[in-house]
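Chemist: attaching a predicted model along with its sequence, questions to come.
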Amino acid sequence: YAEMYNIASGSNSFTAEDIAKYKAQDDPDNYPNTKFLEDLFSKQGIQTSHTLTLNGGDEKNKYYVSAGILEQDGIIPKNSFSRYNVRMNLQNKLGDKFELNTRFFGSVEKRNEPQVTGNKGLGYQSETDRSNDASDNAGSFVTQLVSNAVRYPAVELGQDSQGNFGIGPESGGTPVAWLASDSYLENPRTKAGVNVKLDYKPNDNLVFSAIGGYNFTLHEERSYYASQRLNADVNLGQSYLNQYSNKELYKTLQFTGEWSKEVGVHDFSFLGGYSFENEEFSFFNGYRQDFASNDYTVLDIGSAENQQSSGFDAEWALQSFFSRLKYSFNERYLFEATLRYDGSSRFPKSNKYAVFPAAAVGWRASQESFLNDVSWLSNLKFKASWGILGNQNIGNYPYQTVLASGRDYALGGGLSTGAAYSTYRDANIKWESTETTDIGVETGFFDGKLTFNATYFKRNTTDVLFKPSSSVSSVLGVGISETNTGAIENTGWEFDMGYRGSKGDFSYSVNGNFSIIDNKVVTLGLGNVEQPNGYVGNGSDLFIGFPMQMYYGYETDGVFLNDGETSSWPDQTAVNPASQAGDFRYKDISGPDGVPDGQVDPTYDRKYLGSRIPKYTYGANINLNYKNFDFSLFLQGVGGVKGQLTNYAGYAFFNLGNIQQWQMDGRFDPNNPVRYPDYPRLEVVTNSGTPNTATSDYWVINAGYLRIKNVQMGYNFPNPVTDLIGIDNLRVYVGAENLHSFNSYRDGWDPEINSSGGYYPILTTYTFGLNLKF
C-alpha cells in the first residue's frame, strides 16, 4: 500500500525507512499491517433450523399444526437473527353445505447487528439521516462495516499492544474499534394473523365464499451509538439512542360466487366477486443523546436537551369488483375472460377507479382426431392471452399537497412560526397500466417424458408512476411527488424444457429454462429532452429506445503509452485537460454534424454502454435417484448484463481508501507500458473523481454469471430400519447453497452487488439435516 500510494500521489508520503518498517513488522503499534477484513470476518456463521408438524382428523374435521425455530449466527461478531413461528390450519365441515377453513399464524423475529460508533468512517451517514430514517434498514449498518473494512488500508492501526484503538483516516475509529464498542442495533418484529374462509354450496353447481383476514405487525428498532475512548487523546462521542416503533394493521374481506355447469361436451363457469383491502400504519420515533453510561440505554436516561421525536399515521385502501367467465368445448377449445374494476385511495376521486380486462384462448391440438395415431405426441397445446393490469404501489397520498409545520415567516418585524407547502403534488395522478400479450405453445412427447414450452410476450407499461428528478425540486424549493410520465416496453421469449426417465433402480429428471427480454423506454413524457447528439432523454441514464438502468459514457482505446502520444490523438481536453501516459484514450465517435470532429467531449462522444437489466436469464434443475439415494442440483445465471464498480469498490485510493490486489497487479507501469492494462495509472481519487474515472466501457463490464445455487444429496433409510425404531420415514441429507459463481467480473467482487460495493457478502452455506416422520 505505502509503495503504491507514493506512486499515486507523486510524493514520498511514506519514506523508504517507513516502508522498510512496515515490511519488517518489528513495531506493529506504529507501523501496523492490519487485516481489517480478517478481523471482521473472524468466525463462521452457524445456522440451525427445527420444524415440528402435527396433522390429523377425520372426514369432517382436520387439523394441521406446525412450529419452527430458526437461529442464524452471522460471520460478523454481534450479528445474529432468530425467528420463532407457529401455524395452525383447521378444516371443518358444518353439515352438508358449509365448510369452514381457518388459518392462524404468528412469529417473533429479532435481528442483532453491530453499530458504527460515533457515526464515523469513510462514507458514513449523517446523524440527521440516521435519526430520521423510519425505513426497514436492517443490514445497512453491517454493510457499512463491511465496506469500511474493504476501504481501510492496512497501514491504519486496528488496536495496539496497550489496547488503544487506531483513530482511522478521519479520526472516527476503525471497524476493529466499532466491533469492540458498546454500540448495537436491535431489530425485533412480531407478526400475528388469522384468515377465515367460509364456503356455502347449496348444490353441485354453485358455491358462495366469504373470506376475511386480519394481520398485525409490530416492527421496532433500537440503534445505540456508544461513546468510546479510542486512546488517551481521542474519545468518540457523544452517545445517542434512536428508537422507533412501527405498527401495521392489514385487513382484507372478499366475497365470491361461482357457478359451473357441464352440458355434454360444453363446460361453463362464471365467477363474480368483491374484495376490500385496508392497511393502517402508526409510526413513532424518539431520539436522545449524552447517556451517562453505556450500560443503561433507555431513552429516559439520555439528556432532554436536543431530544427529538416524530410520528405519523397513514393508511391506504383498495376496493375491487371482478368477474371471470370460462368455457371449454370437449376440453379441447378453451376460452377465459376476466374483468376487474379497481379503486385505490392513492388516487383522486376523478381517477380513483379503472377497468382492467383480460382474455385468453387455448387449443389442445393433441386431442384432435387427426393426431390420435401420432403415438409419440402426448401433448400439443397452443395458447394466447391479452390483458391489462394496474399498478398503484406508490405513496399513500400522492395527489394531496402536503403542508409542513415549523416554517418561519417574517411578520411585523419578527419571525412567526407557520406552515408551508413541502411537496408539490399531481392532482390528476392515475393508475399505471401494463398491457400484456402472450402467444405460446406447450408440447409433450413420449408419454410426457420430454416437454418443451415456448412463449412470446410483449408488455407495454404506460402512465408510469415516477418521481421526477430531485434537481427539479431544488429549483422549486419544494419536493415533487410521483406523477404519470413515460412508457416502457418489454418484449421477449420464455422457454422451458424437461426430460425424465428411469432404468431399473435409477431415475432422473432434467429441467431447464431460458428467457430473453428486450427492455426499452418508449417515452419519458416531460423528460423527453433531445440531446445535441440525437439521444432523447434526461441526458444521463434514461433515453428513448434504450433500456432502463443504462450506462452512458465513453468508448476507450486503451491508454497513452507516453506523454508524446497525446498530441496525435483527437483533442480530449474537454474530458481530460492534461492527458498523460497511463490515461485513457477516449474515442471521438461523433460531432455536431454526426461524424467525428477531432474533439472528444461529453456532448457528442458518449453513447449507450449497456444496462443493469439482464437480457438473458437461465436456470437448470437436475434430480437423480438411485434406490434410497437422491441428488439435486440447481443452477441459475444471467447474461447480456453490465455492471460497474465505483468509489471504493472500483477506484484505488478513493478518499484515503485502499488499493486492491487486481489494481496493483494490473496497473499501468510507465517502465513497462502496455496499451491495454487492467488498470490505468495510479492516482489519488476524491469525490469529484478524475478524468480517468469518467463512465466508460473500461468501468462498465460484463456482469453475467452462472451460479451453483443449491446442491443436495440425501439418503432415505429403508423400511426395516424405520420399522425397527418405530417411525414412518427417516431421511438424512447434506447440501450447500451458493457454492460457486462462474463470472468474469472484477476479482473478489460478486456481479450482483451494488456499484459502490457496500453489501453483505453472499455466503456459501453448508447444510446437514435430518427429517423424521411419525
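Modeler: Done, it's in.

Chemist: any idea how many residues pack against the closest residue in space to residue 305 that isn't next to it in sequence?
Modeler: Once flanking residues are discounted, residue 305 sits nearest to residue 290: 7.4 Å by Cβ to Cβ, 6 or more residues apart in numbering. Where C-beta positions appear, they are placed from N, C-alpha and C, glycine not excepted. For residue 290, the count of nearby residues is 16 (other Cβ atoms under 10 Å).

Chemist: so how far is residue 227 from residue 290?
Modeler: For residue 290, the distance to residue 227 (Cβ to Cβ, to the nearest Å) stands at 9 Å.

Chemist: hey, what's in contact with both of these two?
Modeler: When contacts are counted by Cβ atoms under 8 Å, 6 or more residues apart in numbering, the set common to residue 290 and residue 227 consists of 238, 239.

Chemist: okay, now the domains of this protein?
Modeler: With domains defined by automatic domain parsing, the chain comprises 32-331, 560-603.

Chemist: nearest to residue 741, out of these?
Modeler: Among those, the nearest to residue 741 by Cβ to Cβ is domain 32-331 (17.6 Å).

Chemist: pLDDT (mean, whole number) over the closest one?
Modeler: Averaged over domain 32-331, pLDDT sits at 89.

Chemist: ok, then the element right after the strand ranked longest in the chain?
Modeler: As assigned by DSSP state E, the longest strand anywhere in the chain is strand 303-329. Moving toward the C-terminus from strand 303-329, the next helix or strand (DSSP states H and E) is strand 333-344.

Chemist: centre of the chain versus the following helix or strand past that following strand, how much separation?
Modeler: Following strand 333-344 in sequence order, the next helix or strand is strand 353-364 (DSSP H and E). Mean-position distance between strand 353-364 and its chain equals 31 Å (Cα atoms, centre = their mean, to the nearest Å).

Chemist: who does strand 353-364 pair up with?
Modeler: Paired neighbours of strand 353-364 in the sheet (DSSP bridges): strand 333-344 (antiparallel), strand 377-391 (antiparallel).

Chemist: how about the shortest one, which residues are buried there?
Modeler: When you say that, I think you mean strand 333-344. 334, 336, 338, 340, 342, 343, 344 (16 or more other Cβ atoms under 10 Å).

Chemist: state the phi and psi torsions of the residue nearest to residue 305.
Modeler: Dihedral angles phi and psi of residue 290 (degrees, to the nearest 10) take the values phi 60, psi 70.

Chemist: and the pLDDT at the nearest residue to residue 616 once chain neighbours are set aside?
Modeler: Once flanking residues are discounted, residue 616 sits nearest to residue 639: 3.9 Å by Cβ to Cβ, 6+ apart. For residue 639, the pLDDT comes out at 97.

Chemist: does residue 639 touch residue 618 like I think?
Modeler: Yes: using Cβ atoms under 8 Å, residue 639 is in contact with residue 618, at 7.4 Å.

Chemist: for residue 145, pull up the helix or strand it's in.
Modeler: Applying DSSP H and E as the criterion places residue 145 in helix 140-151.

Chemist: same question but for residue 279, I mixed them up
Modeler: Going by DSSP H and E, residue 279 is in strand 266-289.

Chemist: ok, that strand: who's next to it in the sheet?
Modeler: Paired with strand 266-289 in the same sheet, following DSSP bridges, are strand 240-263 (antiparallel), strand 303-329 (antiparallel).

Chemist: now it: how far from the chain's centre is it?
Modeler: That offset, for strand 266-289, works out to 23 Å (Cα atoms, centre = their mean).

Chemist: buried set for that strand?
Modeler: 267, 269, 271, 273, 275, 277, 279, 281, 283, 285-289.

Chemist: would TSV of those residues with distance to residue 516 be doable?
Modeler: Below are these laid out as TSV (distance: Cβ to Cβ, whole Å):
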residue	distance to residue 516
267	36
269	35
271	35
273	36
275	35
277	35
279	37
281	40
283	43
285	46
286	51
287	50
288	55
289	55
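
Chemist: nearest to residue 313 among these?
Modeler: Nearest to residue 313 out of the buried residues of strand 266-289 is residue 281 (Cβ to Cβ; 6.7 Å).

Chemist: how about the nearest residue to that closest one once chain neighbours are set aside, what does it touch?
Modeler: In space, residue 281 comes closest to residue 314 once its chain neighbours are excluded; the distance is 4.6 Å by Cβ to Cβ, 6+ apart. Applying Cβ under 8 Å, 6+ apart to residue 314 gives the contacts 280, 281, 283, 396, 397.

Chemist: name the SS class of the fourth one, please.
Modeler: The three-state assignment at residue 396 reads coil, by DSSP: H, G, I helix; E, B strand; the rest coil.

Chemist: mind checking how far it is from residue 450?
Modeler: Residue 396 is 51 Å from residue 450, by Cβ to Cβ.

Chemist: then the third one?
Modeler: Noted for residue 283: a distance of 55 Å to residue 450, by Cβ to Cβ.

Chemist: got it, and the second one?
Modeler: With distances defined as Cβ to Cβ, the gap from residue 281 to residue 450 amounts to 51 Å.

Chemist: quick check: end-to-end length of stretch 607-615?
Modeler: Its start and end residues considered, stretch 607-615 measures 19 Å (Cα to Cα, to the nearest Å).

Chemist: what about it, distance to the chain center?
Modeler: Put simply, stretch 607-615 sits 18 Å off its chain's centre (Cα atoms, centre = their mean).

Chemist: one more: stretch 504-522?
Modeler: Stretch 504-522 has its C-alpha centroid displaced from the chain centroid by 22 Å (Cα atoms, centre = their mean).

Chemist: sounds good, over and out.
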